[in-house]
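*Asks:* The sequence and its predicted three-dimensional model are supplied below.
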Amino acid sequence: MWRGSIFFDLHDPFLLSSLLFDGRDEDEILRLALGAVDAFASLQPLAGYRMYAGSLRPLDDERWAPAAGLDAEVAELDGQDETVSSVGVPWVRAFALRHSDDVRGYLVVGSTAEPTEGQLLPLRFLVQQTAAAMANTETHRREQAVTARLRRLNEENERANARLSAHNAELEFRERLYEALVDTAAAGEGAGGIARTLGSFTGFPVVIENRFGDPIAWSDEDSPWVAEAATPQRREAAIEEAERLRRPVRDGSSLIALAQPRHEVLGVIVLVDSAHLSGGREIAALERGSLVLATELTHLRSFAEVELRLRRDLVEDLISGSDEVSAYSRAEAIGHDLRVPHRVVVIDRLRGDDDAALAAAVARVADEQELAPLLAKRGPNVVMLVGAGIDGAKFHDALDRQIGGVAVGVGAPCAEPESFPRSFWEAEHALDVRRNSRHSSGITTYETLGLYRILGARDAVGDVNAFVDEWLGTLARYDGAHSTELVRTLAHYLDCGGNYTLSSKGLRIHRSTLRYRLRRIREVSGFDLGDAEHRLNLHVATRIWRLHSDGAQ
């Protein structure tokens, strides 16, 4: 079928070579070579073989399907040109496609008569060119594989370089950020400086909050960001997750990181990211910032603890007795002005035994009301030295709302340090009266104690109660059992100086009813209202009874 074709005109062997070497694969080269043999006038192409994975494989083409037994016979040739006999043609020879001592395959050619050497010469040229073309194809394929591998290696190298560049850029970012944060802390810019630095490096608004969610610093103080409303449960859950994972976590529209030097959360850094655009760089910034903030807040806490200890020691010395010069100088050292009139206030929690909670609540209320006190714990109580203008009722109500069930005693004003021990005693005396009154939760100032001011110190309270019970106990129990008002009638009668008319009008009862009640009072109590000593003791007892019954204000 190829006979007469110009492509196989052996007078133009270069055209044949160009066809063999134009990038065909081994099977296509074999087909082209077998087709060229077909163009030879005296020769007939019978089969083609190529070396594949170490063994000879016949060309998959029905035009040159090998005769039965030819595959085995060719396999035994061991790379030599040999005559084969398994084909029913007078002359058959297998020509090895050898190049550089490597056998690439075989061309099996037949003829009706043995060809001359001159007839075989073009065939040998074709065999040589075919082997070379197949070798070239394999070499080209290997070169392509090497090129592809090199290309992959170059791409991997480029990706590695890109990752390295990104990593170096990230390291440079972190180093610059850390240096900026350290410089901010060294310059004493505090939490505000840390927030501004983080905002500048990340491009996101940043706010720093305390443990309770109150903002303390912003990255842009001219436009402070306000956190979205979050339930205490959700905020606590986010903080617990950040504590557990030890890394920044998302909380709604924000990323949060904890300033937690040990086991206690001192502060929270919030990065505002409602569009969820933040990534690894922002997380790294929060991690760095939280470390520096933890150091800053730890330092502030240590300073605050030292100042608190100085304040507590000053309070202890003032209520125990301190000289004026020392008191003024120590107060000025911690920024407190003792030269204005003060009062001593003693606070007791009536329910529960959490002294720390009481102290914290007192400090918060004092801060909210801008009282600027000196505070110290004294046993289960809190002692507060505060300006004499304190609104006691307002202070007690706010404290009672926060912690519930507190008794407050307030001493008289003192204008100089040497008066503090007296004011402290007065505050404790007022507190004892309040605690022993019917309404123990409340506030009592020393000035409102009335009769209690002349009845002695705190130890006399028990004796006073015994005195009241001695003179009025029988009447009080009778009133309780019979729903009468003998004690109230007696108190009003004695307050009116024994005047029947004023007493009956004040009690809104008839004079005869008053006489009846007074007679019952004599009968039940056994005391004679005409006796001067009995009358005085009963009058004092009813006054104290009124104080207990109505509650000291």
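*Replies:* In hand now; what should we look at?
*Asks:* Give me the buried positions along stretch 363-373.
*Replies:* Within stretch 363-373, the residues that qualify as buried by neighbour count (16 or more other C-beta atoms under 10 Å) are V365, A366, Q369, L371, P373. All C-beta spots, glycine's among them, are computed from the backbone N, C-alpha and C.
*Asks:* Which of these fall within helices?
*Replies:* V365, A366 (DSSP state H).
*Asks:* Could I get the buried residues of stretch 363-373 in a markdown table, plus columns for distance to S512 and pLDDT?
*Replies:* A markdown table is the format used below for those (distance: C-beta to C-beta, whole Å; pLDDT from 0 to 100):
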| residue | distance to S512 | pLDDT |
| --- | --- | --- |
| V365 | 55 | 93 |
| A366 | 58 | 93 |
| Q369 | 55 | 93 |
| L371 | 57 | 91 |
| P373 | 58 | 92 |
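*Asks:* contacting residues for A160?
*Replies:* Counting by C-beta atoms under 8 Å, 6 or more residues apart in numbering, A160 touches no other residue.
*Asks:* how near is it to W64?
*Replies:* From A160 across to W64, the span is 51 Å (C-beta to C-beta, to the nearest Å).
*Asks:* and if you look at E28?
*Replies:* As for E28, its distance to W64 is 13 Å (criterion: C-beta to C-beta).
*Asks:* which one of these two has more residues nearby?
*Replies:* W64 (20 against 16; other C-beta atoms under 10 Å).
*Asks:* My read is that that one contacts L34, right?
*Replies:* Yes - between W64 and L34 there is a contact under C-beta atoms under 8 Å: 5.4 Å.
*Asks:* what sits in contact with each of those two?
*Replies:* Counting by C-beta under 8 Å, 6+ apart, the shared contacts of W64 and L34 are P45, G48.
*Asks:* Residue nearest the middle of this protein, spatially speaking?
*Replies:* Ranked by distance to the mean C-alpha position of the chain (C-alpha atoms, centre = their mean), the top residue is A242 at 3.5 Å.
*Asks:* who touches that residue in this structure?
*Replies:* Contacts of A242 by C-beta under 8 Å, 6+ apart are P248, V249, I256, A257, L258.
*Asks:* could you give the mean pLDDT of the longest helix anywhere in the chain?
*Replies:* The longest helix of the chain (DSSP H) is helix 117-186. When pLDDT is averaged over helix 117-186, the result is 90.
*Asks:* what's the answer for stretch 281-291, then?
*Replies:* For stretch 281-291, the per-residue pLDDT values average out at 90.
*Asks:* List the contacts of it.
*Replies:* By C-beta under 8 Å, 6+ apart, stretch 281-291 touches 170, 173-174, 177-178, 181, 194, 197-198, 201-202, 204, 206, 247-248, 255-260, 269, 271, 273.
*Asks:* List the ones among the residues you listed that fall in helices.
*Replies:* E170, F173, R174, L177, Y178, L181, I194, T197, L198, F201, T202.
*Asks:* so who does the fifth one touch?
*Replies:* Think Y178. Contacts of Y178 by C-beta under 8 Å, 6+ apart are R288, V292.
*Asks:* The lowest-mean-pLDDT helix or strand in the chain: what's the following helix or strand?
*Replies:* Using mean pLDDT, DSSP states H and E, helix 13-20 stands out as the lowest-scoring helix or strand of the chain, at a mean of 71. Later in the chain than helix 13-20, the nearest helix or strand by DSSP states H and E is helix 26-38.
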